[in-house]
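# I'll drop the sequence and a predicted model, then ask my questions.
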Amino acid sequence: MSLLDSVNTPKDIKKLNIDELSTLCGEIRELMIDVVSKNGGHLASNLGVVELTVAIHKVFNSPNDQIIFDVGHQSYTHKILTGRKDSFSTLRTEGGISGFTRRDESEHDIFSSGHSSTSISSAIGLAKAKSIKGEKGKVIAVIGDGALTGGLAYEALNNNECNNLIVILNDNNMSISRNVGSMAKSLTNIRTSPKYATFKSKITRFIAKIPKLGSQITRSITAINQKIRKRVYKNTFFEELGFRYYGPIDGHNLEDLIDALTVAKSHSHSVLIHINTVKGKGYEFAEKNPSLFHGIGKFNIETGEPLSSGDTFSSVFGSSLINHAEKDSRICAVTAAMSTGTGLVEFSKKFPKRFFDVGIAEQHAVTFSAGLARGGMVPFFAVYSTFLQRSYDQLIHDVAMQNLKVIFCIDRAGFVGEDGESHQGLFDTSFLMSVPNLTAYAPAYFDELSSMMYQALYKESGAVAIRYPRGKEWFKPEGYEYNKEPFSVIGSSDEKNCIVTYGREFCECYKALESLSNTYIIKLNRIKPIDNSVINYVANAKNIFFFEEGIKAGGVGEHFASIIKENGINAAFHHIAVTDEFVKQASVQSQLKKYRHDAESIIREVKDFE
């Protein structure tokens with residue numbers, strides 16, 4: 001029987017000694033590697049925080065002590081230790097446990113998460129709520145150095161006035177400046193020793209009792225202590241913001257972690273613990289290539305090789321951008337810490353002076369791109385649909401209002417599958433449709449993406465958005481060619497049933513068309529603005545079916561419906577899109593089926609009105 005077999009709740013690890021905890025960490029890593037190799041997921045980050053998570057649950061009492069993981073993608077060990085070990089094999093599958101923290105999944109998941117840099121803000125709110133209600137317990141926010149590049153984290157740090165808050169900075173890339181040598185390490189070891197903390201507390205109480213001089217002596221010692229810390233530590237930023245700073249600490253040394261957390265728990269003011277970890281710890285392939293194993297699909301455990309290969313929309317975008325940049329020196333590429341995911345790695349090597357990774361700071365990325373555009377460059381901002389949501393104001397105020405040429409390449413548009421609610425790319429069309437001075441395209445195929453990039457560059461003025469799906473190209477009709485017009489008509493517009501769609505959904509609609517009579521398709525290539533001449537091709541339709549892989553409210557379908565009504569078209573309009581809900585994790589094919597977007601559902605939908 002393994003140690004992991006005996007661990008079902010956080011209470012079960014409190015009786016384990018250091019050697020047993022170390023063994024437990026090894027067993028947790030084996031389980032994670034096995035499950036992620038079959039289901040895909042965020043492996044490198046989770047392997048890096050095994051010891052940290054075990055130490056947190058050793059010292060604190062969840063859920064009374066509330067633990068928040070920034071992004072939530074590194075919470076696998078937390079899930080295993082909090083009653084989800086037996087269901088861990090269902091990770092990221094339909095009906096299974098999420099790859100992120102989810103409030104409806106466990107009382108130990110205090111905050112649902114999926115986006116970066118939010119943990120400190122929510123933790124301060126929780127800490128304040130505890131104080132107001134007189135509740136005991138700490139609030140612990142675990143945030144990575146990458147997430148600390150997001151502005152929201154600094155807004156929260158600046159608002160820190162808590163006596164029950166602990167922030168753990170997981171630094172796995174040394175983006176935080178190093179402290180001064182062995183003296184800093186020695187001082188940290190002393191300050192995080194429980195014996196030292198107990199001794200210091202006793203001495204402080206003793207001195208405070210000295211008549212007349214006690215409080216003055218205590219203030220003098222505190223002032224001297226602060227001066228010593230500032231001399232020894234290069235990084236005093238957190239102390240200036242009101243945190244008691246400890247670090248750096250080896251994030252894989254259980255004894256040091258437990259000591260530091262124990263001391264932090266005893267404090268009556270906010271604490272920041274700075275730890276160093278290795279992404280991918282314990283799995284050679286992930287340690288050597290943490291970017292690949294950050295978010296990976298199914299892979300071979302023995303070789304570390306992904307089980308899927310070939311071109312994707314992201315890779316085609318990257319190669320097309322290189323082709324354009326070789327001919328046009330104005331072209332720049334901007335990413336918010338997603339160069340691998342958006343296909344920009346090769347561009348960054350080929351054009352290092354024209355490549356900008358701004359960190360997890362999408363708001364800055366958009367306004368920075370606006371500055372590049374105002375300076376005469378043509379920036380392509382490659383961003384996941386779900387992350388573009390953060391920069392809506394900048395898109396309006398700093399780009400569109402100024403009528404600047406920024407090209408937004410929106411990856412992972414539509415259903416994204418197993419990443420679940422926080423990552424579905426279903427909202428971009430709704431908010432893009434409301435922005436003046438912006439043109440939007442939606443390719444269904446690789447060649448369309450490349451062609452639309454050219455159109456955005458040389459045929460359009462002002463802001464342009466090109467939204468495309470995750471992964472590979474889908475079914476393509478034999479002989480189909482992109483006509484570079486705002487829309488395409490497939491079949492005869494004299495038929496009574498008209499299917500309207502855009503992007504990847506066209507593939508499913510075309511497959512359905514082969515089994516339908518009296519039906520034709522209008523494929524929107526440009527979704528904003530919708531070309532008014534489309535009215536000429538729906539004038540005779542009795543039924544118009546608009547299939548949209550996006551949120552219904554404010555989406556392209558609603559705009560199409562308004563055009564129909566304004567032009568007096570009497571056809572019955574059927575809008576099939578995602579209505580007022582967040583889409584849960586499942587395969588993309590399963591999501592298409594559930595929301596009536598697969599070919600079989602399309603056939604049934606149309607035949608119901610024949």
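Now that the structure is in, tell me what you want to look at.
# where does the prediction get shaky in the stretch 51-200 of the chain?
Scanning the stretch 51-200 of the chain for pLDDT under 70 picks out the ranges 174-200.
# show me which residues of stretch 62-76 are buried.
Neighbour-count burial for stretch 62-76, counted by 16 or more other C-beta atoms under 10 Å, picks out 62, 65-76. No exception for glycine: its C-beta is placed from N, CA and C like everyone else's.
# which helix or strand contains residue 573?
strand 572-578 (DSSP states H and E).
# from the buried residues of stretch 62-76, which is closest to residue 403?
residue 71 (34.8 Å; C-beta to C-beta).
# how about the strand holding residue 573, which residues are buried there?
573-578.
# try stretch 37-46
Quick answer for stretch 37-46 (16+ other C-beta under 10 Å): 37, 39-46.
# in helices, which of the residues you listed appear?
37, 39, 44-46 (DSSP state H).
# reformat those as CSV; add pLDDT and distance to residue 497.
Listed next are these as CSV, based on pLDDT from 0 to 100; distance: C-beta to C-beta, whole Å:
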residue, pLDDT, distance to residue 497
37, 97, 46
39, 97, 40
44, 96, 49
45, 95, 49
46, 97, 49
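# can you tell me which of the residues you listed lies nearest to residue 346?
residue 44 (21.2 Å).
# my guess is that closest one contacts residue 294. True?
Yes. Using C-beta atoms under 8 Å, residue 44 is in contact with residue 294, at 5.3 Å.
# pairing partners for the strand holding residue 573, with directions?
strand 543-551 (parallel) (DSSP bridges).
# which residues does the residue sitting nearest the centre point of the chain contact?
Among the residues of the chain, residue 115 comes closest to the average C-alpha position under C-alpha atoms, centre = their mean, at 4.2 Å. With contact set as C-beta atoms under 8 Å, 6 or more residues apart in numbering, residue 115 has these partners: 71, 386-387, 390, 422.
# which element, helix or strand, includes residue 499?
strand 497-502.
# quick one: contacts of that strand?
442, 444, 509, 512-513, 516, 518-525, 527, 537-538, 541-548, 556-557, 560, 571, 602, 606, 609-610.
# run the last query once more with 7 Å
For strand 497-502, contacts defined as C-beta atoms under 7 Å, 6 or more residues apart in numbering pick out 442, 509, 518-524, 527, 538, 541-547, 556, 560, 606.
# can you pull out the helices in the stretch 451-600 of the chain?
505-513, 556-566, 588-594, 599-607 (DSSP state H, counting those that start in this stretch).
# in helices, which of the buried residues of stretch 62-76 appear?
residue 76.
# could you identify the most distant pair in the buried residues of stretch 62-76?
65 and 73 (21.5 Å).
# buried members of the contacts of strand 497-502 into PyMOL, please.
To isolate the buried members of those in PyMOL, using 16+ other C-beta under 10 Å:
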select buried, resi 442+509+519+520+521+522+523+524+527+538+541+543+544+545+546+547+556+560+606
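# okay, and which of the contacts of residue 115 map to helices?
386-387.
# now for the closest residue to residue 531 other than its chain neighbours, how many residues are close by?
Ranked by C-beta to C-beta, 6 or more residues apart in numbering and with sequence neighbours excluded, the top spatial neighbour of residue 531 is residue 486, at 3.7 Å. Applying other C-beta atoms under 10 Å, we find 17 residues neighbouring residue 486.
# residues contacting residue 486?
525-526, 531.
# mind exporting the C-alpha coordinates of stretch 28-47 to CSV?
Presented in CSV, the C-alpha positions along stretch 28-47 are these (Å, rounded to 0.1, in the frame of the first residue of the first chain):
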residue,chain,number,x,y,z
ILE,A,28,1.8,12.5,-6.3
ARG,A,29,4.1,13.3,-9.1
GLU,A,30,3.8,9.8,-10.6
LEU,A,31,0.0,10.1,-10.5
MET,A,32,0.0,13.5,-12.1
ILE,A,33,2.3,12.5,-14.9
ASP,A,34,0.2,9.4,-15.6
VAL,A,35,-3.1,11.2,-15.7
VAL,A,36,-1.9,14.2,-17.7
SER,A,37,-0.2,12.0,-20.3
LYS,A,38,-3.7,10.6,-21.0
ASN,A,39,-5.9,13.6,-20.5
GLY,A,40,-3.6,16.6,-21.3
GLY,A,41,-3.3,19.5,-18.9
HIS,A,42,-0.8,21.8,-17.2
LEU,A,43,2.0,19.6,-16.1
ALA,A,44,5.2,21.6,-15.6
SER,A,45,3.6,24.1,-13.2
ASN,A,46,2.0,21.4,-11.1
LEU,A,47,5.2,19.4,-10.8
